[in-house]
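**Q** using only what follows, build the 3D model:
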Amino acid sequence: MLDSLPEAGLDEAAVVIGDLFRTAESLRSEAKRCLVEAVGYYLLCGEALKNQKLSLKHGEWLEWLQEKAAVLGFGDRTARLLMRAAKKWKSTSDLTPDEAAVINREMWNNNRADGGRGGGSTDWGTPPDEIGRIHKVMGGIGLDPCSSEKAQETVKAKRYFSKAEDGLRQDWTADSLFMNPPYARGEMEPFVDKFLEEWLAGKIGQATVLTDNRTETDWWHKLAAHAAAFVLPKGRVKFKKDFNPDWNGQPHVGQTIFYFGSSVKRFVAVYQELGIICRGGKWVEERRPARPRLAA
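**A** Numbers count the residues shown, from 1 in each chain. Next comes the predicted model:
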């Protein structure tokens, strides 16, 4: 485009450059207007999806999404993001372009700093010592819903779903479940929502969920609100990135280990020395020597 600038004089060049700039500004203004409209339609879509889900019986939702995917133009993951957005924001014609841009970024999880284990890679293997504690608390792992054949060399779950099988589309009925969810953008919250949906439906006997310490996120607070107990370890879990036993991944943030079930005393006993535990909304005191009394 710049090759077409006239060589006759600076005035003519200024005219061309000015025209290019004004065209760009016009297109940008149009793009902002279109984004406002697009966000409004996304939110309407999410609201309609919420109503459709409410009209179906338990267990019919995912089947309906799968059957209608070709008509809808999207699948379960996009549906979850749209419904989450509709829950947080209401469709309105009063949105400013800046507000629409913020909603659009957050809606599609494009505004989260990588910080911990995000940024694209989902293959962060849980180390053997952590898996050992989880087995000790639950007496074994019946299901790992987001895993791989390589990960199972350590996890040793009775059943697991690989990325190709897409655990979000599967039934999670299990006596015990362990989940170290994927951390790429847009992956975490769908797995948390799926887990809580299955847990609250009574399809999981007990569960341990390992996540980064993202206390600023909605999904962390959802887990904390429903967990029987959780621990904030003093150090960071040394994950095995891409399941390489020689590569100890040290995330930039700490972790939270959530427990769901009736073996809370066992959970506390196993994790008591590793960090601070919250049980039933109250912090469990660490074992420490009694404070000496001051001499009179």
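
**Q** distance of residue 161 from residue 182?
**A** Applying CB to CB, to the nearest Å, the value for residue 161 to residue 182 is 12 Å. Where C-beta positions appear, they are placed from N, C-alpha and C, glycine not excepted.

**Q** next, count neighbours for residue 67.
**A** Residue 67 has 10 neighbours, counted by other CB atoms under 10 Å.

**Q** whoops, I mixed them up, residue 273
**A** Neighbours of residue 273 using other CB under 10 Å come to 9.

**Q** look at it and tell me its secondary structure.
**A** coil (DSSP: H, G, I helix; E, B strand; the rest coil).

**Q** taking the centroid of this protein, which residue is nearest it?
**A** Residue closest to the mean C-alpha point of the chain, counted by CA atoms, centre = their mean, is residue 188 at 1.7 Å.

**Q** right, and residue 144 touches residue 153 too?
**A** No. Applying CB atoms under 8 Å as the test, residue 144 and residue 153 come out as separate, 12.0 Å apart.

**Q** mind naming the longest strand for the protein?
**A** The longest strand of the chain (DSSP state E) is strand 204-212.

**Q** sheet-wise, list the partners of it with their directions.
**A** Here strand 204-212 is paired, per DSSP bridges, with strand 174-179 (parallel), strand 255-260 (antiparallel).

**Q** before we move on, back to that, which residues are common contacts for residue 161 and residue 182?
**A** residue 146 (CB atoms under 8 Å, 6 or more residues apart in numbering).

**Q** host element of residue 87?
**A** Using DSSP states H and E, residue 87 sits in helix 76-88.

**Q** more neighbours: residue 144 and residue 153, which one.
**A** Ranked by neighbour count (other CB under 10 Å), residue 144 and residue 153 place residue 144 first, with 25 against 12.

**Q** how about the contacts made by the nearest residue to residue 262 once chain neighbours are set aside?
**A** Nearest non-adjacent residue to residue 262, counting by CB to CB, 6 or more residues apart in numbering: residue 206, 6.9 Å away. By CB under 8 Å, 6+ apart, the contact list for residue 206 reads 138, 175-177, 259-263.

**Q** one more time with 6 Å
**A** For residue 206, the contact set (CB atoms under 6 Å, 6 or more residues apart in numbering) comprises 138, 176, 261.

**Q** do residue 172 as well
**A** 145, 198.

**Q** kindly provide the distance from it to residue 261.
**A** Where residue 261 is concerned, residue 172 sits at a distance of 14 Å (CB to CB).

**Q** same check on residue 170?
**A** According to CB to CB, residue 170 stands 21 Å off from residue 261.

**Q** neighbour-wise, which of the two wins?
**A** For residue 170 versus residue 261, the count of surrounding residues by other CB under 10 Å is larger for residue 261: 21 against 15.

**Q** quick revisit: want to try TSV for the strands paired with strand 204-212, with mean neighbour count as columns?
**A** TSV is the format used below for the strands paired with strand 204-212 (neighbours: other CB atoms under 10 Å):
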stretch	mean neighbour count
strand 174-179	23
strand 255-260	24
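
**Q** mind putting those into JSON lines with mean pLDDT and distance to residue 101?
**A** Shown next, in JSON lines, are the strands paired with strand 204-212 (pLDDT from 0 to 100; distance: least, CB to CB, whole Å):
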{"stretch": "strand 174-179", "mean pLDDT": "96", "distance to residue 101": "33"}
{"stretch": "strand 255-260", "mean pLDDT": "94", "distance to residue 101": "31"}
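
**Q** nearest to residue 90, of these?
**A** Among the strands paired with strand 204-212, strand 255-260 comes nearest to residue 90, with 30.9 Å by CB to CB.

**Q** just give me how far that closest one sits from the chain centre.
**A** Offset of strand 255-260 from its chain centre (CA atoms, centre = their mean, to the nearest Å): 14 Å.

**Q** CA-only coordinates of that strand in PDB, if you can.
**A** Included here for strand 255-260 are C-alpha records, laid out as PDB according to Å, rounded to 0.1, in the frame of the first residue of the first chain:
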ATOM      1  CA  GLN A 255      -1.400 -24.500  45.000                       C
ATOM      2  CA  THR A 256      -4.600 -25.500  46.700                       C
ATOM      3  CA  ILE A 257      -5.600 -29.100  47.300                       C
ATOM      4  CA  PHE A 258      -9.400 -29.400  47.800                       C
ATOM      5  CA  TYR A 259     -11.000 -32.400  49.400                       C
ATOM      6  CA  PHE A 260     -14.700 -33.400  48.900                       C
END
